[in-house]
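[1] The sequence and its predicted three-dimensional model are supplied below.
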Amino acid sequence: MVKRARGSVRPGQRRPIDRRPAAPVTGGGTTAPRPTGLSDAELARAAELEAQLLAEERAAEAARKRTSDRPAAREIAGTRTIAFEDEYAYVARDLRDIVRIAVLLLAILFALYLVIDVFEVVRIG
């Protein structure tokens with residue numbers, strides 16, 4: 001472990017910032033105390049921002065309710081409405097075709113198993 005010397009500056013590092021307390025004000029006295037609360041203008045601005053946020057939340061909630069109440073349909077060209085079930089009917093048709101082909105292939109494999117292994121109609125090797 002490398003020993004660090006106090007006050008040394010390495011390449012790529014800066015010297016620490018010298019933070020000295022502010023010099024007292026001369027010529028009469030004391031400085032004005034900092035206000036601890038918010039001013040009336042700041043309170044009014046905060047109330048205005050809160051009102052805007054609440055209005056945006058209400059609008060978003062109303063939009064969510066409108067979209068959830070709407071049936072599952074999509075408008076096409078502004079005149080026709082097609083239900084999603086009708087629009088994606090080709091997916092169901094394709095899935096049925098896949099199942100039919102899988103059943104047919106399994107039936108063929110079972111028939112070959114019966115012919116080759118069980119009944120020994122065909123001898124391999």
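    Perfect, thanks for sending it. The structure presented is a predicted model; accordingly, all values stated were derived computationally and were not measured.
[2] Grab the longest helix from the chain for me.
    helix 40-69 (DSSP state H).
[3] average pLDDT across the helix or strand in which Ile98 is found?
    Ile98 is located in helix 89-113, with elements delineated by DSSP states H and E. Averaged over helix 89-113, pLDDT sits at 96.
[4] In terms of secondary structure, what does it contact?
    In terms of contacts (3 or more C-beta pairs under 8 Å, 6 or more residues apart in numbering; DSSP states H and E), helix 89-113 is packed against no helix or strand at all. All C-beta spots, glycine's among them, are computed from the backbone N, C-alpha and C.
[5] Can you give the distance from it to the centre of its chain?
    Put simply, helix 89-113 sits 39 Å off its chain's centre (C-alpha atoms, centre = their mean, to the nearest Å).
[6] what does stretch 49-58 give?
    That offset, for stretch 49-58, works out to 22 Å (C-alpha atoms, centre = their mean).
[7] returning to what we had before: please work out the average pLDDT along the longest helix of the chain.
    Helix 40-69 comes out at a mean pLDDT of 90.
[8] May I see the buried residues of that helix?
    Across helix 40-69, burial judged by 16 or more other C-beta atoms under 10 Å covers no residue at all.
[9] Need the three-state assignment for Ile82.
    strand (DSSP: H, G, I helix; E, B strand; the rest coil).
[10] What about it, how many residues nearby?
    Neighbours of Ile82 under the rule other C-beta atoms under 10 Å: 12.
[11] Please apply the same query to Glu87.
    13.
[12] Ile108 too?
    By other C-beta under 10 Å, neighbour count at Ile108 equals 10.
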